[in-house]
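S.K.: no sequence on this one, just coordinates:
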C-alpha cells in the first residue's frame with residue numbers, strides 16, 4: 001500500500017513539474033527588435049553589454065492592431081548586472097548594443113502563439129512555437145556546429161563561458 005501511494009505521488013509530481021528552459025541570448029550587430037509579447041513568462045539577466053528596453057504594457061492584441069498606436073509606457077536602460085522578469089502578456093522591444101549577452105530563464109508556454117509588430121511597416125503577424133514549425137523552418141533556425149564553436153570562442157574571450 002505504501003509503495004502504491006508513493007508511486008502515485010511520484011507520477012503526480014512528474015506531471016506537475018514546472019518546465020523551464022535556459023537560453024543564452026547574444027545580440028548580434030544589426031539586431032533590432034519589434035514590439036512583441038511572448039508565449040511564456042521569463043526572467044533575464046544582462047551578462048555583457050546593455051540595451052534600451054521599451055515596455056508597451058499588457059495589451060490585448062490581435063493582428064488588426066496598428067503598431068504605431070502602441071504608446072511606450074516605460075523605457076529603461078538594462079546594463080550589465082540588471083535582472084528583470086516579464087509576464088507573457090507584456091508587449092516590449094529592445095535595442096541592444098552589439099554583442100550584448102543575456103541569460104534567459106523562461107517558463108512553460110501558456111499559449112500557442114504570440115504577436116509581433118513592425119512599427120516601420122505597420123505589419124503584424126503571429127508566430128508559433130517550435131512544435132508547429134515545419135522541418136525546413138526548424139533547420140533554417142538551427143545553429144551549425146561551426147557557428148557554435150565560434151560563439152563559444154567569443155564567450156571565452158568575454159570570460160562568460
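M.R.: Arrived safely, thanks for sending. What you see is a predicted model; the values in this text were computed from it and never measured. Numbers count the residues shown, from 1 in each chain.
S.K.: tell me the backbone dihedrals of residue 132, please.
M.R.: phi -110, psi 0 (degrees, to the nearest 10).
S.K.: ok, residue 156 next?
M.R.: According to degrees, to the nearest 10, residue 156 has phi -60, psi -40.
S.K.: that one and residue 28, how far apart?
M.R.: Remark: distance between residue 156 and residue 28 (CB to CB, to the nearest Å) = 17 Å. To be clear about C-beta, it is placed using only N, CA and C from the backbone, and glycine gets the same treatment.
S.K.: repeat for residue 125
M.R.: 22 Å.
S.K.: one more: residue 92?
M.R.: For residue 92, the distance to residue 28 (CB to CB) stands at 19 Å.
S.K.: then residue 96?
M.R.: 9 Å.
S.K.: and residue 94, by the same measure?
M.R.: 13 Å.
S.K.: which of the two has more neighbours?
M.R.: Using other CB atoms under 10 Å, the more surrounded residue of residue 94 and residue 28 is residue 94, with 18 against 10.
S.K.: what's near enough to touch the more buried one?
M.R.: Going by CB atoms under 8 Å, 6 or more residues apart in numbering, residue 94 touches 27, 33, 51, 52, 53, 54, 78.
S.K.: regarding it, which helix or strand does it belong to?
M.R.: Per DSSP states H and E, residue 94 falls inside strand 90-96.
S.K.: ok, now residue 121?
M.R.: Assessed by DSSP H and E, residue 121 sits outside every helix and strand.
S.K.: what about the helices in the protein?
M.R.: Ranges of helices in the chain, per DSSP state H, are 2-16, 135-141, 145-157.
S.K.: among those, which gets the worst mean confidence?
M.R.: Ranked by mean pLDDT, the helices of the chain end with helix 2-16 at the bottom, a mean of 50.
S.K.: quick check: end-to-end length of stretch 67-85?
M.R.: 23 Å (CA to CA, to the nearest Å).
S.K.: what's the answer for stretch 123-138, then?
M.R.: With CA to CA, one end of stretch 123-138 sits 23 Å from the other.
S.K.: chain center to it, what's the gap?
M.R.: Centre-to-centre, stretch 123-138 and its host chain are 14 Å apart (CA atoms, centre = their mean, to the nearest Å).
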